[in-house]
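[1] coords please:
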Amino acid sequence: MFCEPRNEAESMNDVRETALVAGSTGISGQALARQLADASWRTYGVSRSGSVTLPNVTGVRVDLLDADATRETLAGIRPNFVGITAWIRRATEAENISTNTATIRNLLSALEPAGTVRHVALMTGLKHYLGPFEAYGKAVMAETPFHESEPRLDYPNFYYAQEDVLFEAASRMGFTWSVHRAHTVQGFATGNAMNMALTLGVYGTLCRELGLPFIFPGSQMQWNGITDLTDADLLAEQMIWASTHENGRNEAFNAANGDVFRWRWMWPQLAEYFDVPWEGFDGSVRTLESRMSGMGDTWRKIAAQHDLVEPDIDRLASWWHSDADLGRTIEVLTDTTKAREAGFLGFRNSMKSFLHRFDQYRAARIIP
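    Numbers count the residues shown, from 1 in each chain. Here you go, the predicted model:
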């Protein structure tokens, strides 16, 4: 445990709002915790490792699947805002539902005795409209662009189960809630299972160092079709906005950058950043996993040559996840009108978002 309960004197002299972020070592959780701390919230970052290293964020190590440990560890923390960005992937959707509802239930139950929670923001994603991993895009899916008013699909989905746990707790505990359905999130973090910006950064680096072409790994649909993305900083802004504005409370919002693009337009610009030749879709899917597997030793040599901070490629690149996103044979596109009508006017330029993340990873000596 990396935090201790505040004493009475501290409570009386420090009138700052308090926030707790579950999943604070992830892409979205880091962005949310960083923004809260920068805005002078007393911020706690909860994770299984407790290894958050953000300025002015107190790391809390606890396994949210352990109800007793969660209750004991969080007993001295009295948050007003709770952001939930954590999830655990299991082999089946039934296991996903059991695991990922337990974490939310245990977290909120542990915080209930203090009676301080005013708003809980839950991050989910577009599988709300597409279906879970085991039936992804195979069953009937919502019409694109996805709207928040679409009914739930007639298939078990851990996002639906998480929402139901949230709604029940809100009714019992008296807090307001918001749900934020993000597309593929790109941000600054390492050691995550789903990180397209860093995965493509590592891929571009390997192509440059080995003299390989920067080959688009996905499907014809993704190469030619329109899509969108979500910047982690924008998602965090929306989650905080929803907690502090009346129109954001007790609502679900799509969270995307607000622009649309085609990968056939984006890909050459990413290749230019890494100064490598590129190839688009050529009639077959050429996955990153098939082409980049076994690059662990190569990356260690690159890391040593350029004095990089992380020699383990498996903590940086998630080939499988980027392959899944870029290999879709269905259109995936969101509508963000509801959030704008409610007053959230944030947006990002997706091209500049990629380049900004690459610059961040270079400055942090994660890629050369």
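[2] Next secondary structure element downstream of the worst-scoring helix or strand of the chain on mean pLDDT?
    When the helices and strands of the chain are scored by mean pLDDT, DSSP states H and E, helix 8-13 comes last with a mean of 41. Using DSSP states H and E, the helix or strand that follows helix 8-13 towards the C-terminus is strand 18-22.
[3] And A317, how far from Y203?
    Taking C-beta to C-beta, to the nearest Å as the measure, A317 and Y203 are separated by 7 Å. Where you see a C-beta, it was placed from the backbone N, CA and C, and this is true even at glycine.
[4] Show me the strands in the stretch 251-368 of the chain, by range?
    In the stretch 251-368 of the chain, the strands defined using DSSP state E, counting those that start in this stretch lie at 251-255, 261-262, 278-279.
[5] Now do the last one: which elements does it pack against?
    This means strand 278-279. Packing partners of strand 278-279 (3 or more C-beta pairs under 8 Å, 6 or more residues apart in numbering; DSSP states H and E): strand 214-215, helix 263-274.
[6] so of the ones you listed, which one's packed in deepest?
    Counting by mean count of other C-beta atoms under 10 Å, strand 214-215 has the highest mean neighbour count of the helices and strands packed on strand 278-279, with a mean of 22.
[7] mean confidence score for that strand?
    Across strand 214-215, pLDDT averages out at 98.
[8] before we move on, what about stretch 282-296?
    Mean predicted confidence for stretch 282-296 is 96.
[9] Run through who's touching it.
    Contact with stretch 282-296 is made by 199, 203, 206, 215-220, 312-314, 317, 319-320, 322-323, 327, as judged by C-beta atoms under 8 Å, 6 or more residues apart in numbering.
[10] now do 6 Å
    Stretch 282-296 is contacted by residues 215, 217, 219, 313, 319-320, 322-323, 327 when judged by C-beta atoms under 6 Å, 6 or more residues apart in numbering.
[11] Bridging across strands, which residues link to the closest residue to F167 other than its chain neighbours?
    Nearest in space to F167, with sequence neighbours left out and distances taken as C-beta to C-beta, 6 or more residues apart in numbering, is W177 at 7.0 Å. Beta bridges link W177 to V120 when assigned by DSSP bridges.
[12] List just the nearest of the contacts of stretch 282-296 to I226.
    S219 (13.8 Å; C-beta to C-beta).
[13] Could you pull up phi and psi at T124?
    Main-chain torsions, T124, degrees, to the nearest 10: phi -120, psi -140.
[14] Now it. Nearest residue, chain neighbours left out?
    Y159 (4.4 Å).
[15] Does anything pack onto the helix or strand hosting the one you found? Which helices or strands?
    Using DSSP H and E, Y159 maps to helix 158-173. Using 3 or more C-beta pairs under 6 Å, 6 or more residues apart in numbering; DSSP states H and E, the elements in contact with helix 158-173 are helix 93-111.
[16] And the helix it packs on, how far out from the chain middle?
    18 Å (C-alpha atoms, centre = their mean, to the nearest Å).
[17] which residue ranges form the strands in the stretch 1-150 of the chain?
    Using DSSP E, counting those that start in this stretch, the strands of the stretch 1-150 of the chain run over 18-22, 42-47, 57-61, 81-84, 119-125.
[18] Need the mean per-residue confidence for stretch 179-192.
    Stretch 179-192 carries an average pLDDT of 88.
[19] which outside residues touch it?
    Stretch 179-192 is contacted by residues 26-28, 30-31, 122-126, 128, 196-197, 228-230, 232, 235, 238-239, 252-256, 315, 325, 334, 357, 360 when judged by C-beta under 6 Å, 6+ apart.
[20] L212 versus Y159, what's the distance?
    37 Å.
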